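# with the sequence up front, the predicted model follows.
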Amino acid sequence: MDLNREALRDLCVILGYKPTLVENGQAALEVMEETPPDLVLLDIMMPDMDGYAVLDRMKSDDKLRGIPVIVISGVGQMQSVVRCIQKGAVDYLHKPFEPILLKARIEATLDKKRLYDREARHLIRIEEEKKRADDLLHAIFPGGVVQELKETGEVKPQRHENVAVMFCDVSGFTQYCEGLAPELVVFHLQEMVVALEKIATRYELEKLKTIGDSFMATCGLLREQENPVINCVRAGLDMVDAVPSLSAGWQVRVGIHVGPVVAGVVGNQQYLYDIWGDTVNTAARIQQHGATNAVNLSEKAWQESDGQFSGASLGEVNVKGKQEMEIFQLSRLPG
């Protein structure tokens with residue numbers, strides 16, 4: 001061990017640091033990879049691998065490039081100083097070094113490193129918060145709406161001509177809730193909504209919201225579909241099959257209608273993406289007056305189902321705010 005390294009080690013110990021001494025550049029890299037240090041004091045002239053090569057390796061390694069390096073060398077030419085600084089060294093001292101000057105350079109470098117590390121942690125926290133906010137937006141709004149909201153700060157109302165609207169509602173929910181702890185009711189609702197969300201995703205439906213025990217989704221609103229009614233019917237049939245097998249044992253009614261809607265975001269403190277129009281109201285009425293444990297279609301939706309499903313008419317039904325409407329009940333796929 002040469003006298004310069006001994007002097008460096010002793011000075012670092014006196015300053016309250018924990019130095020690690022190595023014999024050559026390759027050993028230094030191996031130690032840094034295992035436990036990255038706060039600062040490297042590097043010589044140019046070393047066996048096997050010189051200081052220039054160590055700097056090159058450090059600056060090409062994502063894990064090591066942020067470690068500050070002070071070169072302490074007997075190579076005194078200005079060309080060597082410039083070369084080390086260009087390769088990423090933060091400082092260059094000549095041997096024999098002045099302990100007071102080295103102490104000042106080490107402390108200044110470590111102060112900068114602490115500030116850099118603090119800023120890096122702050123930036124990581126900012127990115128984490130941005131991701132959480134982005135995840136929350138995507139949980140509330142469809143992807144296209146999130147993009148427009150982030151770019152413009154608003155979502156312009158749009159009319160969409162051929163959208164299938166579906167409501168899935170629990171039969172006898174009010175009576176079920178009587179006498180039960182609210183926590184249990186919410187647990188069962190959460191279990192059901194998660195199951196319905198998975199089914200909606202499977203058939204490329206857009207879940208809009210839940211209203212109490214009612215699950216509302218659309219197809220063809222934000223992504224063009226060849227036949228949105230068929231997607232809704234297939235999803236509805238799976239929902240009718242899935243919900244009774246959950247822990248609450250509920251049965252559901254599904255109502256589907258198709259037509260034009262207007263979609264947009266309302267509110268400026270608590271945003272809500274929603275759709276409006278007669279198509280929405282009609283789908284809700286179809287669900288309310290339809291058969292339990294079945295998918296119920298308006299006449300228009302039945303026509304657009306293109307004969308792909310078996311079912312039967314429930315006849316004309318008096319619907320509040322409308323003339324009599326014919327409802328068609330589907331309970332299974334053909335065959």
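All right, it came through fine.
# give me the buried positions along stretch 273-289.
By neighbour count with 16 or more other C-beta atoms under 10 Å, stretch 273-289 contains the buried residues 273-275, 277, 279-289. Backbone N, C-alpha and C define where each C-beta goes, glycine included.
# quick one, phi psi at the most centrally placed residue in the chain?
Compute the mean C-alpha point of the chain, and by C-alpha atoms, centre = their mean the closest residue is Asp135, 4.1 Å away. In this entry, Asp135 is assigned phi and psi values of phi -60, psi -40 (degrees, to the nearest 10).
# ditto for the one 10 residues further on
Here the main-chain torsion angles of Val145 (degrees, to the nearest 10) amount to phi -70, psi -40.
# just give me the neighbour total for it.
Using other C-beta atoms under 10 Å as the criterion, Val145 is surrounded by 20 other residues.
# might one say that it is in contact with Val265?
Yes - between Val145 and Val265 there is a contact under C-beta atoms under 8 Å: 6.9 Å.
# for Glu128, see how far away the residue nearest to the centre of the chain is.
If you measure Asp135 against Glu128 using C-beta to C-beta, to the nearest Å, the figure is 11 Å.
# do the same with Glu226
Following C-beta to C-beta, the distance that separates Glu226 from Glu128 is 40 Å.
# between the two, which one's more packed in?
In this view Glu226 and Glu128 are compared by other C-beta under 10 Å, and Glu128 has more residues nearby, 10 against 7.
# quick one: that one from Asn162, how far?
As it turns out, when the distance is counted by C-beta to C-beta, Glu128 lies 41 Å from Asn162.
# Gly172: what's it in contact with?
Gln251 (C-beta atoms under 8 Å, 6 or more residues apart in numbering).
# would you map the strands across the stretch 151-300 of the chain?
Chain-ordered strands for the stretch 151-300 of the chain, with DSSP state E, counting those that start in this stretch as the definition, fall at 158-170, 206-211, 214-219, 252-266, 272-276, 294-298.
# mind listing the shared neighbours of Val145 and Val265?
Taking C-beta under 8 Å, 6+ apart as the criterion, Val145 and Val265 both touch Val155, Tyr273.
# residues in contact with the spatially closest residue to Tyr271 that is not a sequence neighbour?
What sits nearest to Tyr271 in space, not counting adjacent residues and going by C-beta to C-beta, 6 or more residues apart in numbering, is Val265, at 5.3 Å. Contacts for Val265 (C-beta under 8 Å, 6+ apart) come out as Phe141, Val145, Leu149, Glu154, Val155, Tyr271, Leu272, Tyr273, Asp274.
# okay, the second one: pLDDT?
Val145 carries a pLDDT score of 76 in this model.
# what do you get for the fourth one?
Looking at Glu154, its pLDDT stands at 75.
# list the residues that contact it.
For Glu154, the set of contacting residues under the criterion of C-beta under 8 Å, 6+ apart consists of Glu148, Val265.
# do the same with the last one
Contact analysis of Asp274 by C-beta under 8 Å, 6+ apart lists Leu208, Lys209, Ala263, Gly264, Val265, Val266.
# just give the nearest non-adjacent residue to the fourth one, would you?
Spelled out, that is Gly264. Pro157 (3.5 Å).
# number of nearby residues for the one you found?
Taking other C-beta under 10 Å as the criterion, the count of residues near Pro157 is 12.
# ok, it touching Tyr273?
No - Pro157 is not in contact with Tyr273 according to C-beta under 8 Å; the separation is 10.7 Å.
# quickly list what's touching both of these two.
In terms of C-beta under 8 Å, 6+ apart, Pro157 and Tyr273 are both contacted by the residues Ala263, Gly264.
# for the closest residue to Gly212 other than its chain neighbours, what are its contacts?
For Gly212, ignoring the flanking residues on the chain, the nearest one in space by C-beta to C-beta, 6+ apart is Phe173 at 7.4 Å. Residues counted as contacts of Phe173 (C-beta under 8 Å, 6+ apart) are Gly212, Asp213, Trp250.
# now do Leu136
For Leu136, no residue counts as a contact, taking C-beta under 8 Å, 6+ apart as the criterion.
# that one and Ala263, how far apart?
From Leu136 over to Ala263 (counting by C-beta to C-beta), the distance is 20 Å.
# please identify the deepest-packed of the strands of the stretch 151-300 of the chain.
Most buried of the strands of the stretch 151-300 of the chain, by mean neighbour count (mean count of other C-beta atoms under 10 Å): strand 294-298, with a mean of 29.
# sorry, back to before: pop out the phi and psi values for the residue nearest to Gly264.
Reported as degrees, to the nearest 10, the phi and psi values for Pro157 are phi -60, psi 140.
# perfect, that will be all.
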